[in-house]
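>>> when you get a sec, could you give me coordinates for this:
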Amino acid sequence: MGRAVALRLQAALAAMVTAAAVGVALPMTQASAAAGTATGFATGNGGTTGGAGGQTVRATTGTAIHAALCGRASSSTPITIEVEGTINHGNTSKVSGDSCNTAAGVIELKQISNVTIIGVGSGAVFDQLGIHIREARNIIIRNVTVRNVKKSGSPTSNGGDAIGMESSVRNVWVDHVTLEASGGESEGFDGLFDMKNDTQYVTLSYSILRNSGRGGLIGSSESDRSNGYVTFHHNRYENIDSRTPLLRGGIAHIYNNHYVDLHESGINSRAGGRAKVDNNYFEDSKDVLGTFYTDEAGYWQVGGNIFDNVTWSSPGDENNPAGPNPQSNTSVSIPYPYNLDGATCVPDIVRQTAGANKGLLESGGDCSSPQEPTTPPTDPTDPPTTPPDGSNLSIGAGSDGSSKGGGTSYGNVRDGDMSTYWSPSGSTGDISVKWSSATTIARVVIREASGSAGAIGSWQLVNHDTGAVLKSGSGAGDITFTPTSLKKITFKITGASGTPRVAEFETYAG
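Predicted coordinates:
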């Protein structure tokens, strides 16, 4: 049998498995449980929409989840997988296909994009089975329980992580989940929510993390500082030893969480990490904020938090607790809108909303009663919100321009940080991204810095190598054009209503 025929047969078999094991596809209008939109840093970098706009299927086994991924037309074809029942080692096997890269004994979301996994019906429980996200983007996981995932003993899965992300992961929203263990490392468990090796633009919201030695980390070592832009809000951390989270480098926004019974340490910002810690409620815990177990300092901006029966250890060579009277030692700019609940009502709001099988209830902000999520209608004049395929090619590239205003830099448009930006010395000017060798670009996203939205007027996008105009228009946003191989691409601002401030000049192959 020829390879091409074999591959077509393999894909057909995967599709048959999908039809048999997953069930009949449902129209998106029936997938009411998927209402709601991403929040926090997951809204950056093009946004997180998961499987919106694609087929909806039902799965009751891990094998069926893998079959649904493998039955897609491509690894980026949007899909929503509704999960019900207990998913475990006994019903989770590897499925092969061109649109997937799965493995037995773990829910494998590897080298894929545009996927939503959501618990429905009587609930979805991943029992002793972790969820692994690797080299993937635009992933949503909602309304599921993941419990007792081990890295030693039997059975083992996902290195002991309930949910783990690694290797160029972008745009993940995890919402209304319950992540739990039954002990610490000596009992065979590791982290509940881990991110490492270039994982960015992640939000964990309305979730419960409990009964574990380790809540989760951002960065696997002091040298792994390629992660960040992570939001934690309206979560409950309970009976945890440490890492709520551990932040190495990068930026985290941590607000309206309820922390109870943290035994050793809580938010551990170190190795240059910067955390904005707003309106959280810390209760019956120890050393809930600071730099711990290292002499490489981290930083925090605090405001509106309540410390209820919190004890603080004395500073030492490798311990720098923020208390007993925590003060800010940095400032962190947050590029997205958010509504804060007052810390006094956080325990009650979180009790009503956090975790799986809570009806996806959300806070209305300002201590208002929890409410069901809604998906706002799309304004047809808005730029596309589907994240571009692949990595932002501006990261690691070079840049230059026609001029730069005081305190700004050309490099600020390719640093992944919405709080830094480039401005021309006047109201118009050019900014370019460049590579040492020809690179194919088909999509550009221009993001304005906070407070300057609408300043960019008319523009041209130019192939600097040839001078050809690839696209022209007005206003910042999403720009697509015929794929073009070039070494340098220029965004030429020809008109403006004020001083333009370009926070990010993102480039994509597709």
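
>>> what about the stretch 151-300 of the chain, any weak spots by pLDDT?
In the prediction, the stretch 151-300 of the chain carries no residues with pLDDT under 70.

>>> what residue is smack in the middle of the chain?
Val202 (1.7 Å; Cα atoms, centre = their mean).

>>> partner strands of whichever strand or helix holds that one, parallel or antiparallel?
Secondary structure from DSSP states H and E places Val202 in strand 199-205. Strand 199-205 has the following strand partners under DSSP bridges: strand 169-175 (parallel), strand 228-233 (parallel).

>>> residues contacting the closest residue to Tyr229 other than its chain neighbours?
Nearest residue to Tyr229, sequence neighbours excluded (Cβ to Cβ, 6 or more residues apart in numbering): Phe41, at 4.2 Å. C-beta coordinates here come from the backbone N, C-alpha and C atoms, glycine included. Residues near Phe41 by Cβ atoms under 8 Å, 6 or more residues apart in numbering: 200-203, 229-231, 253, 336.

>>> now, which of the residues you listed sits nearest Val288?
His253 (16.6 Å; Cβ to Cβ).

>>> quickly list what that closest one is bridged to.
Applying DSSP bridges, one finds that His253 bridges with Thr231, Lys276.

>>> in terms of contact, does it touch Lys276 like I think?
Yes: checked against Cβ atoms under 8 Å, the pair His253 and Lys276 is within contact range at 4.9 Å.

>>> identify the contacts common to the two.
332, 334.

>>> dihedrals phi and psi, the nearest residue to Lys151 once chain neighbours are set aside?
Distances taken as Cβ to Cβ, 6+ apart put Gly160 closest to Lys151, at 2.8 Å, once the chain neighbours are dropped. Backbone torsions of Gly160, given as degrees, to the nearest 10, read phi 90, psi 10.

>>> so how many other residues sit close to Gly160?
The tally of other residues near Gly160 (other Cβ atoms under 10 Å) stands at 25.

>>> picking that back up, centre of the chain to the strand holding Val202, how far?
Taking Cα atoms, centre = their mean, to the nearest Å, the mean C-alpha location of strand 199-205 is offset from the chain mean by 2 Å.

>>> then stretch 481-501?
27 Å.

>>> before we move on, what about stretch 128-147?
On Cα atoms, centre = their mean, the centre of stretch 128-147 falls 11 Å from that of its chain.

>>> please apply the same query to stretch 170-185.
13 Å.

>>> name the residues of that stretch that are buried.
170-181, 184-185 (16 or more other Cβ atoms under 10 Å).

>>> now do that stretch: distance from first to last residue.
Using Cα to Cα, to the nearest Å, the end-to-end distance of stretch 170-185 comes out at 28 Å.

>>> before we move on, back to that, from the buried residues of stretch 170-185, pick the one nearest Ala322.
Gly184 (23.9 Å).

>>> hmm, back to that, list the contacts of the residue nearest to Lys151.
By Cβ under 8 Å, 6+ apart, the contact set of Gly160 is 130, 149-152, 188-191.

>>> reformat the strands paired with strand 199-205 as TSV; add distance to Ala52.
Converted to TSV, the strands paired with strand 199-205 look like this (distance: least, Cβ to Cβ, whole Å):
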stretch	distance to Ala52
strand 169-175	11
strand 228-233	20
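
>>> which of these sits closest to Ser474?
Of all the strands paired with strand 199-205, strand 169-175 comes closest under Cβ to Cβ, at 26.7 Å.

>>> out of the contacts of Gly160, which end up buried?
130, 149-151, 188-191.

>>> list the contacts for Asp278?
Counting by Cβ under 8 Å, 6+ apart, Asp278 makes contact with 253-256, 302-305, 340.

>>> excluding its backbone neighbours, what's nearest it?
Tyr255 (3.9 Å).

>>> I'd say the one you found and Tyr338 touch.
Yes: at 7.1 Å, Tyr255 and Tyr338 qualify as touching, with contact defined as Cβ under 8 Å.

>>> select the longest strand from the protein.
strand 429-448 (DSSP state E).

>>> from the contact counts, what lies against whichever helix or strand comes after that one?
Using DSSP H and E, the helix or strand that follows strand 429-448 towards the C-terminus is strand 458-463. Under the contact definition 3 or more Cβ pairs under 8 Å, 6 or more residues apart in numbering; DSSP states H and E, strand 458-463 sits against strand 469-474, strand 477-493.

>>> buried residues in strand 458-463?
459, 461-463.

>>> please parse the protein into its domains.
Following automatic domain parsing, one gets these domains for the chain: 10-353, 398-508.

>>> show me which residues of whichever strand or helix holds Pro347 are buried.
Take DSSP H and E as the rule and Pro347 turns out to sit in helix 346-353. By neighbour count on 16+ other Cβ under 10 Å, the buried set for helix 346-353 is 346-347, 349-350, 353.
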